[in-house]
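**Q** give me a 3D structure for the following:
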Amino acid sequence: MNITELREKRKKLWETMEGYLDTHRNSMGVLSAEDDATYNKMEADLDSLTNEIKRMERKDAIEAELSKAVNEAIKETPQNTDSVKNGKIGRASDDYRDDFDRHLRGKTLIHNVLSEGVDADGGYLVPEEFERDIVMQLEEENVVRSLAKVITTQHERKIPVANGHSVAQWTAENAAYTESNPTFGQKQLDAFKLTDLCRVSVELLQDSAFDIEDYLMKEFARAFGIAEEEAFCVGTGTNQPTGVFTANGGTVGVTTASAAAITADELISLVYALKSPYRRNAKFLLNDATVSAIRKLKDQNGAYLWQPSIQAGQPDRLLGYELYTSPYVPAVAAGALAVAFGDFKNYWIGDRAGRTVQRLNELYATNGQIGYVATERVDGKVILPEGIQLLQMKTA
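**A** Just a heads-up that it's a prediction; the model follows:
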């Protein structure tokens with residue numbers, strides 16, 4: 001069964017589930033124990049189909065990546081004296097990329113163009129294409145990064161924020177103008193250091209068929225993506241980014257009446273707690289477990305709030321808005337910030353230019369391994385809190 005057929009099957013199952021709830025609720029509006037067991041079985045099947053669709057989407061993405069043409073073999077050619085090939089210079093040049101691959105394998109450099117970015121311990125700024133691949137891979141692993149505004153910084157970035165606006169006044173002929181005094185604040189994006197260390201056997205490095213650069217890129221991207229995602233959701237702001245679901249993140253727009261459940265009316269209220277201009281690009285972000293809990297909810301017109309996606313590359317929807325999930329969004333619990341709704345371009349991520357990879361020759365030598373340390377510097381925080389509204393569970 002292909003992915004399109006799976007999506008259609010999931011859609012039909014959801015329609016069956018909708019009809020089942022409408023026809024099997026008793027006079028009290030609930031299901032009998034037998035009907036509830038049947039519905040739970042259908043819901044489990046829906047979850048299984050959803051997971052299989054996601055698995056096939058990941059498989060398609062991997063196959064598309066593997067079908068790309070591989071890099072040309074490194075050639076032992078004399079150094080190009082002007083260090084320029086194909087119009088590229090510096091970290092974008094072919095010479096730099098060739099030497100970087102040889103550096104990773106511990107071989108003698110051919111072109112000697114890694115002088116920019118060398119540190120005392122043998123670390124190098126990664127080639128531009130490698131760095132670009134890491135960023136692209138991070139976006140695949142990191143939901144918040146794919147939704148937020150991402151900028152590249154060279155130092156701490158101070159962002160002026162208008163806390164108020166000028167107010168126009170109707171003014172009589174020859175009357176004095178009324179003065180407005182808008183106020184301004186400031187947010188600062190810093191550069192917190194994120195690192196990862198992995199080991200590769202010497203035998204693998206000596207195998208020219210092993211694409212060490214591709215392996216390291218995917219491994220570091222996976223690790224960085226997980227760490228970033230957690231920080232962008234619930235980071236404390238101390239030695240790490242400030243998360244959306246924190247006291248210094250979005251604005252609490254709705255507090256639930258229950259500490260353990262969310263109602264349809266509360267989700268609708270959350271939508272309208274967000275100002276209209278932000279709603280044009282607004283999206284929901286919540287935990288998978290929370291989505292499972294709100295699948296049975298309907299609006300005032302009897303329409304289900306949650307609607308499954310039937311199109312490739314399109315997210316599910318909640319109240320007509322795109323819905324994204326992250327395992328690092330807090331689950332439903334007393335006092336938890338369980339749902340965010342807003343324009344996530346109000347969350348800024350600042351990437352400090354220049355990720356580095358450092359080769360450790362001696363540390364794991366007795367194990368027959370070479371270590372590699374990757375480092376990036378990044379920060380993230382909500383710049384306009386009113387642009388992201390949060391639903392907070394009642395405190396028990």
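
**Q** gap between the closest residue to Glu57 other than its chain neighbours and Glu15?
**A** Excluding its sequence neighbours, the residue lying closest to Glu57 (C-beta to C-beta, 6 or more residues apart in numbering) is Ile3, at 6.9 Å. For every residue, glycine as well, the C-beta is placed using N, CA and C. For Ile3, the distance to Glu15 equals 19 Å [C-beta to C-beta, to the nearest Å].

**Q** skip the chain neighbours and tell me the closest residue to Ala312.
**A** Nearest non-adjacent residue to Ala312 (C-beta to C-beta, 6+ apart): Ile3, at 7.0 Å.

**Q** follow-up on the earlier one: just give me the neighbour total for the residue nearest to Glu57.
**A** Neighbour count for Ile3, taken as other C-beta atoms under 10 Å: 16.

**Q** and if you look at Phe232?
**A** The local packing of Phe232 (other C-beta under 10 Å) involves 29 other residues.

**Q** same check on Ala289?
**A** Number of residues near Ala289 (other C-beta under 10 Å) recorded here: 13.

**Q** can I assume it sits in a helix?
**A** Yes. Ala289: assigned to a helix according to DSSP: H, G, I helix; E, B strand; the rest coil.

**Q** that one and Ala333 touch, don't they?
**A** No. When contacts are counted by C-beta atoms under 8 Å, Ala289 is not listed as touching Ala333 (10.2 Å).

**Q** and stretch 215-227, how far from the chain's centre?
**A** A distance of 13 Å separates the centroid of the chain from that of stretch 215-227, by C-alpha atoms, centre = their mean, to the nearest Å.

**Q** repeat for stretch 266-276
**A** Centroid separation between stretch 266-276 and its chain, computed with C-alpha atoms, centre = their mean, is 23 Å.

**Q** how many neighbours does Asn346 have?
**A** Asn346 has 20 nearby residues by other C-beta under 10 Å.

**Q** roughly how far apart are it and Leu384?
**A** Computed with C-beta to C-beta, the distance linking Asn346 and Leu384 is 4 Å.

**Q** ok, now Arg279?
**A** Distance, Arg279 to Leu384, by C-beta to C-beta: 14 Å.

**Q** neighbour count: those two, which is higher?
**A** The neighbour count for Arg279 versus Leu384, taken as other C-beta under 10 Å, is higher for Leu384 (19 against 15).

**Q** so how far is Val291 from that one?
**A** 26 Å.

**Q** hmm, who's touching stretch 19-36?
**A** Contact with stretch 19-36 is made by 38-39, 42, 296, as judged by C-beta atoms under 8 Å, 6 or more residues apart in numbering.

**Q** CA atoms of that stretch as PDB?
**A** Listed in PDB are the C-alpha atoms of stretch 19-36, where the atom choice follows Å, rounded to 0.1, in the frame of the first residue of the first chain:
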ATOM      1  CA  GLY A  19     -20.100   9.000  12.600                       C
ATOM      2  CA  TYR A  20     -19.600   6.400  15.300                       C
ATOM      3  CA  LEU A  21     -19.500   9.000  18.000                       C
ATOM      4  CA  ASP A  22     -22.500  10.700  16.600                       C
ATOM      5  CA  THR A  23     -24.600   7.500  16.500                       C
ATOM      6  CA  HIS A  24     -23.500   5.600  19.600                       C
ATOM      7  CA  ARG A  25     -23.600   8.200  22.300                       C
ATOM      8  CA  ASN A  26     -26.400   7.400  24.800                       C
ATOM      9  CA  SER A  27     -28.900   9.900  26.300                       C
ATOM     10  CA  MET A  28     -26.200  11.100  28.700                       C
ATOM     11  CA  GLY A  29     -23.900  11.900  25.700                       C
ATOM     12  CA  VAL A  30     -21.300   9.200  26.500                       C
ATOM     13  CA  LEU A  31     -20.400   5.800  25.000                       C
ATOM     14  CA  SER A  32     -21.200   2.500  26.700                       C
ATOM     15  CA  ALA A  33     -18.200   0.400  27.900                       C
ATOM     16  CA  GLU A  34     -18.500  -1.800  24.800                       C
ATOM     17  CA  ASP A  35     -18.800   1.100  22.400                       C
ATOM     18  CA  ASP A  36     -15.900   2.900  24.100                       C
END
